[in-house]
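Undergrad: Structure for this input, please:
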Amino acid sequence: MTIRSDRAGTEDAGAAIGTAEGALGAAAVPHARPGELATPADLSAEQLLTAYATGSLSPVEAVDAVLERIERDNPALNAFCLVRPDEAREAARASAARWRRGEPAGALDGVPASIKDVHLTRGWPTLKGSVTSSQEGPWEEDSPVTARLRESGAVLVGKTTTPELAWKGVTDGPLTGVTRNPWDLSTTPGGSSGGSAAAVASGMGPLSTGTDGGGSIRIPASFTGVCGIKPTWGLVPHYPASPFGSLAHTGPMARTVGDMALMLEVVAQPDPRDWAALAPPAPGIGDVRLRTDAEELVRGMRIAYSPTLGGLDVDPEVARAVADAVAVFEELGARVEETDPDLPDSREAFHVLWYSGVAKATDGLTDRQRDLLDPGLREIAEEGLTYSAKDYLTAMALRMEMGLRMGRFHAEHDLLLTPAVPVTAFEAGLESPPELEGERWTAWAGFSYPFNMTQQPAASVPCGFTPAGLPVGLQVVGPRHADARVLAACRAFEIARPWADRRP
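TA: As a prediction, this is how the structure comes out:
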């Protein structure tokens, strides 16, 4: 690949990557495909920032490399529903000028990033994956997460695909079609942040936004071998308010824990439009990326390990990978106990809350518009209309009981480890694996949605691969407000079992 430079003189991609490798360690630099030279698209956000600071790489080169990767791979993956190369290059040139002056705008200046198509983005349509959304605009406002990225200097390259109204744990729909997994194009990347996950996994930008109302960050992170965290509810401000209420979280998706922590620190800042947002975290939540001693990060932690979360069916290959990952924490000096938080079966209660949200999200559609909806979405919207206020309050009562149990559980255990998802990626275009045909996506997402109900921070990090080469995710759950602790555990595992050098 030939790289164009806006600096005096030129340097090829290999030289730039070599400098970043020297600064951050060879093990952190991903490998290109066999026979393919590595490009700036294969670098993490941290590596890009180091290269910008040393002058060995320009944001223009990085953004060009990402746009070339999108042009090459997006037709197969369908990760992006909108790409704006001219605007991205203009922003990259402005970033390069700031770096030359030694005046970067913020912590992510010049880093390519993408926005899930549920977050408002000034000047770009936000269609939420729905054929019923108006494309006319006006599009005059950024959501909080978009605004914080823009203020930090991140270069926004486009918007990523989502199922219609982000309603399910896979990514396909009438508007944008089927999104595919870069590890195996016949399989789904998960959802609803499947476009973001596929983009990050394939090198179409190191950072992307995600939302998670029942697993929509952690499921695709697990299926595509990337990192994602659902922060404590309210830590990242959300606007417009989600129809799914306090189930819905916004969070970062990235290839590495360091990038995930850096992005979380950027987006977890105040915004007056979210009346329920928490105070921003204490400065330094992103500094976990600077830690290099895995044992120091988790030594003495009291960690619970629940392989089935009370009896969920888990694919043996997933169970094996997760058990091996849990053993790493013991090796690092954590006190690991196999135990279970004894949560009640909450699937039906979650349905009441989730389907009611879908009913609200589709309120006001005409009969013709309803006929155009994803059939599954239309079905649960109709079911959501049948619930009474008593049904909703009963579901909320169970939710409060779950929160009480988890609060007591975490008085004895600093963290909880589980599989992120009990299965690996299955056939693209299906809502559920073939063996669960006819079931809603919640039938196989039982490790994720309970922690939306309790509003706890929960992350998925890659912990291995099946013999077929599909990624497996480890879920790390902490008590409310313990986001830094979750990040520390994820970082310790990343140091002990690095994964960034293995790519689709």
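
Undergrad: Not counting the longest helix seen in the chain itself, show me its contacts.
TA: Longest helix in the chain by number of residues (criterion: DSSP state H): helix 389-412. The contact list for helix 389-412 (C-beta atoms under 8 Å, 6 or more residues apart in numbering) reads 302, 304, 341-344, 346, 348-350, 352-353, 356, 416, 450, 453-456, 478-480, 482. (Glycine included, C-beta is placed from N, CA and C.)

Undergrad: what do you get if the cut-off is 10 Å, keeping everything else the same?
TA: 245-247, 302, 304, 306, 337, 339-346, 348-354, 356, 384, 387-388, 413, 416, 450-456, 477-480, 482 (C-beta atoms under 10 Å, 6 or more residues apart in numbering).

Undergrad: Rounded mean pLDDT for whichever helix or strand comes after that helix, please.
TA: Using DSSP states H and E, the helix or strand that follows helix 389-412 in sequence is strand 415-419. Strand 415-419 shows a mean pLDDT of 98 in the predicted model.

Undergrad: could you say what helices and strands the helix or strand following strand 415-419 packs with?
TA: The C-terminal neighbour of strand 415-419 among helices and strands, as given by DSSP H and E, is helix 450-453. Helices and strands touching helix 450-453, by 3 or more C-beta pairs under 10 Å, 6 or more residues apart in numbering; DSSP states H and E, are helix 347-361, helix 389-412, strand 415-419, strand 458-465, strand 471-477.

Undergrad: How about helix 450-453, which residues are buried there?
TA: Using 16 or more other C-beta atoms under 10 Å as the test for burial, helix 450-453 gives 450-453.

Undergrad: what's the answer for stretch 312-325, then?
TA: For stretch 312-325, burial by neighbour count (16+ other C-beta under 10 Å) applies to 314-315, 317-319, 321-323, 325.

Undergrad: What average pLDDT does stretch 300-314 get?
TA: Stretch 300-314 comes out at a mean pLDDT of 98.

Undergrad: Also stretch 138-146?
TA: On average, stretch 138-146 scores 96.

Undergrad: start to end distance for that stretch?
TA: 17 Å (C-alpha to C-alpha, to the nearest Å).

Undergrad: In that stretch, which residues are buried?
TA: Buried, per 16+ other C-beta under 10 Å, within stretch 138-146: 142-146.

Undergrad: May I see the buried residues of helix 450-453 organised as CSV, with distance to Lys360 and pLDDT added?
TA: Below are those laid out as CSV (distance: C-beta to C-beta, whole Å; pLDDT from 0 to 100):
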residue, distance to Lys360, pLDDT
Pro450, 22, 98
Phe451, 22, 98
Asn452, 17, 98
Met453, 18, 98
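
Undergrad: Turn those into CSV, including distance to Val66.
TA: Converted to CSV, these look like this (distance: C-beta to C-beta, whole Å):
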residue, distance to Val66
Pro450, 36
Phe451, 32
Asn452, 31
Met453, 36
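
Undergrad: nearest to Ser196, of those?
TA: Asn452 (17.6 Å; C-beta to C-beta).

Undergrad: what angle sits between the longest helix of the chain and strand 415-419?
TA: 120 degrees (axes from the mean of the first three to the mean of the last three C-alpha atoms, to 10 degrees).

Undergrad: Extract the CA atoms of the strand or helix carrying Ser95 and return them as PDB.
TA: Assessed by DSSP H and E, Ser95 sits inside helix 85-101. Output in PDB follows, covering the C-alpha atoms of helix 85-101 (Å, rounded to 0.1, in the frame of the first residue of the first chain):
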ATOM      1  CA  PRO A  85     -14.500   9.900   3.200                       C
ATOM      2  CA  ASP A  86     -14.300  13.500   2.200                       C
ATOM      3  CA  GLU A  87     -15.300  14.700   5.600                       C
ATOM      4  CA  ALA A  88     -13.000  12.200   7.300                       C
ATOM      5  CA  ARG A  89     -10.000  13.300   5.200                       C
ATOM      6  CA  GLU A  90     -10.800  17.000   5.900                       C
ATOM      7  CA  ALA A  91     -10.900  16.200   9.700                       C
ATOM      8  CA  ALA A  92      -7.700  14.200   9.400                       C
ATOM      9  CA  ARG A  93      -5.900  17.100   7.700                       C
ATOM     10  CA  ALA A  94      -7.000  19.500  10.500                       C
ATOM     11  CA  SER A  95      -5.800  17.000  13.100                       C
ATOM     12  CA  ALA A  96      -2.400  16.600  11.300                       C
ATOM     13  CA  ALA A  97      -2.000  20.400  11.500                       C
ATOM     14  CA  ARG A  98      -2.800  20.400  15.200                       C
ATOM     15  CA  TRP A  99      -0.200  17.700  15.800                       C
ATOM     16  CA  ARG A 100       2.400  19.600  13.800                       C
ATOM     17  CA  ARG A 101       1.800  22.600  16.100                       C
END
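
Undergrad: I'd like to know the average pLDDT value across the helix or strand following that helix.
TA: Remark: after helix 85-101, the chain's next helix or strand is strand 112-116, criterion DSSP H and E. The average of the pLDDT scores along strand 112-116 is 98.

Undergrad: Provide the strand pairings for strand 112-116, with the direction of each partner.
TA: strand 155-160 (parallel), strand 207-212 (parallel) (DSSP bridges).

Undergrad: pLDDT of the last one, averaged?
TA: Predicted confidence along strand 207-212 averages 98 (mean pLDDT).

Undergrad: and that strand with strand 458-465, angle?
TA: 110 degrees.

Undergrad: And the buried residues of helix 450-453, which is closest to His238?
TA: Closest to His238, out of all of those and judged by C-beta to C-beta, is Asn452, at 13.2 Å.

Undergrad: now the closest one, nearest residue through space, not along the chain?
TA: Leu247 (4.7 Å; C-beta to C-beta, 6 or more residues apart in numbering).

Undergrad: is it true that that neighbour touches Tyr449?
TA: Yes - counting by C-beta atoms under 10 Å, Leu247 does reach Tyr449; the two are 8.0 Å apart.

Undergrad: the more surrounded of the two?
TA: Tyr449 (26 against 20; other C-beta atoms under 10 Å).

Undergrad: Much appreciated, bye for now.
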